[in-house]
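Asker: show me the folded form of this:
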Amino acid sequence: MVVNNSLYLLLTAFLLYTIGAYCLLTKRNLIRLLIGLEIMLNAANVNFISLSTLKVPGLIDPLPHSIVVTAIVLDGALMAVGLMIVIAAFKRYRTLNVDKLSKLRW
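Answerer: Below is the predicted model of the structure:
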């Protein structure tokens, strides 16, 4: 049985997605939630790259790679905005716990 690298990349993407989902479901700290979200976004990028090689074996399509580079830039902007919101919440409420922040709603 011949196994190409795309299978390993798909398994890696699944593992990254599982780790990110675990972080999102179990952690209550806002920074850890952002890290879990970033791990899940990176899993989607790895999955997209691994599926781009399945079209023609041995050849790589450059379009998915350029889309992933764009997605990485957007992920960085998303994390910057998310960290700004987390810093503002910490300055105002002095906590990063999601449960305590949800009790502060009016």
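Asker: quick one: contacts for the most centrally placed residue in the chain?
Answerer: Averaging the C-alpha coordinates of the chain gives a centre point, and the residue nearest to it by C-alpha atoms, centre = their mean is Leu41 (2.4 Å). When the contact criterion is C-beta atoms under 8 Å, 6 or more residues apart in numbering, the partners of Leu41 are Gly20, Ala71, Asp75, Leu78. Yep, even glycine has a C-beta here, placed from its N, CA and C like the rest.
Asker: again, only using 6 Å
Answerer: Applying C-beta atoms under 6 Å, 6 or more residues apart in numbering, one finds that Leu41 lies in contact with Asp75.
Asker: now the one helix or strand it maps to: buried residues?
Answerer: Secondary structure assignment for Leu41, by DSSP states H and E: helix 30-52. With burial defined by 16 or more other C-beta atoms under 10 Å, the residues of helix 30-52 counted as buried are 30, 33-50, 52.
Asker: one more: stretch 70-87?
Answerer: Buried residues in stretch 70-87, counting neighbours by 16+ other C-beta under 10 Å, are found at Ala71, Asp75, Gly82, Val86.
Asker: repeat for stretch 21-29
Answerer: So for stretch 21-29, counting by 16+ other C-beta under 10 Å, buried means Cys23, Leu24.
Asker: other residues contacting that stretch?
Answerer: Outside stretch 21-29, the residues within contact range by C-beta under 6 Å, 6+ apart are Arg32, Leu33, Gly36, Leu96, Asn97, Val98, Asp99.
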